[in-house]
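[1] give me a model of this one.
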Amino acid sequence: MSGHVSDAGFVALNIAVLTISDSRTEETDQSGLILKERAVEAGHAVVEKLIVKDDIYQMRAAFSRWIADPAVHVIISTGGTGISGRDSTPEAIAPLLEKSIEGFGELFRSISLEEIGPSAIQSRAIAGLTNQTLIFCLPGSSGACKTGWDKILKSQLDHRTRPCNFAQMFRA
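    Residues are numbered from 1 along each chain as shown. Take a look at the predicted model:
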C-alpha cells in the first residue's frame, strides 16, 4: 500500500454486498440491507447486492466474479460464519485469498465480546485481499453487521483514517 496523500477529500469505493443464507429473501435480508445502506451513507457506491445459498460453490462463484471485476474494490459478505449447520463461508473464501487479514476477525471478536459476551467465540469472521479486492466476511445477524461496519469497516474504508487504512490502495 502506498503512503497517504495530503488532501482530506473522500474517495468513494465500489462495494459489492453478498448475503449468504438458505432462508433470506430481498424482503427479509436485514443484514445485507444494513451493509448496503451504511456503505451508501458513508459515500461509497454499492455496485451489486446478491443473496446466495450457504453452498461453497455458489459462494465461490459470486466471490470469484467480483474478484475478477476490476471495478469492484471491496466485497462484504454477511452470513455463514458460525459453526452450525451449513455455515461454510470461511471454507468457501479461504482458498481464494492471496493474503489473510487475521486482525479483522480478531478485532471483530474482541469488540463482539463487549457486546454479546463469550458467545463472540462462535464467530468465524474473516477477511483478506485477492486480486486487489478486499474481502470482509461478517456474521449474519444485523447486530454483527452494524458492529462490523460501524466499528471497523467505516473508518478502514476511508483513506482519511490515520495512521493507516485499507482504502489507500484504491486512491487515484
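
[2] quick one: secondary structure of the nearest residue to Ile111 once chain neighbours are set aside?
    Once flanking residues are discounted, Ile111 sits nearest to Lys151: 5.3 Å by C-beta to C-beta, 6 or more residues apart in numbering. (Glycine included, C-beta is placed from N, CA and C.) Under DSSP: H, G, I helix; E, B strand; the rest coil, the three-state class of Lys151 is helix.

[3] cool, Ser155 as well?
    At Ser155, secondary structure determined by three-state DSSP is helix.

[4] can you pull the contacts of it?
    Contacts for Ser155 (C-beta atoms under 8 Å, 6 or more residues apart in numbering) come out as Thr161, Asn165.

[5] and the pLDDT at it?
    pLDDT for Ser155: 97.

[6] mind listing residues that contact stretch 52-71?
    Outside of stretch 52-71, the residues within contact range by C-beta under 8 Å, 6+ apart are 14, 16, 18-22, 47-48, 50, 72, 75, 77, 79-80, 85-89, 91-93, 96, 130-133, 135.

[7] so which of those residues are in strands?
    Mapping the contacts of stretch 52-71 onto strands (DSSP state E) picks out 14, 16, 18-20, 47-48, 50, 75, 77, 130, 133, 135.

[8] can you redo those as a markdown table with pLDDT, distance to Phe170 and neighbour count?
    Converted to a markdown table, the ones in strands among the contacts of stretch 52-71 look like this (pLDDT from 0 to 100; distance: C-beta to C-beta, whole Å; neighbours: other C-beta atoms under 10 Å):
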| residue | pLDDT | distance to Phe170 | neighbour count |
| --- | --- | --- | --- |
| Asn14 | 98 | 9 | 19 |
| Ala16 | 98 | 14 | 27 |
| Leu18 | 98 | 19 | 25 |
| Thr19 | 97 | 24 | 26 |
| Ile20 | 96 | 25 | 28 |
| Val47 | 98 | 13 | 16 |
| Glu48 | 98 | 17 | 17 |
| Leu50 | 97 | 22 | 16 |
| Ile75 | 98 | 13 | 24 |
| Ser77 | 98 | 19 | 30 |
| Thr130 | 97 | 14 | 19 |
| Thr133 | 98 | 10 | 22 |
| Ile135 | 98 | 14 | 24 |
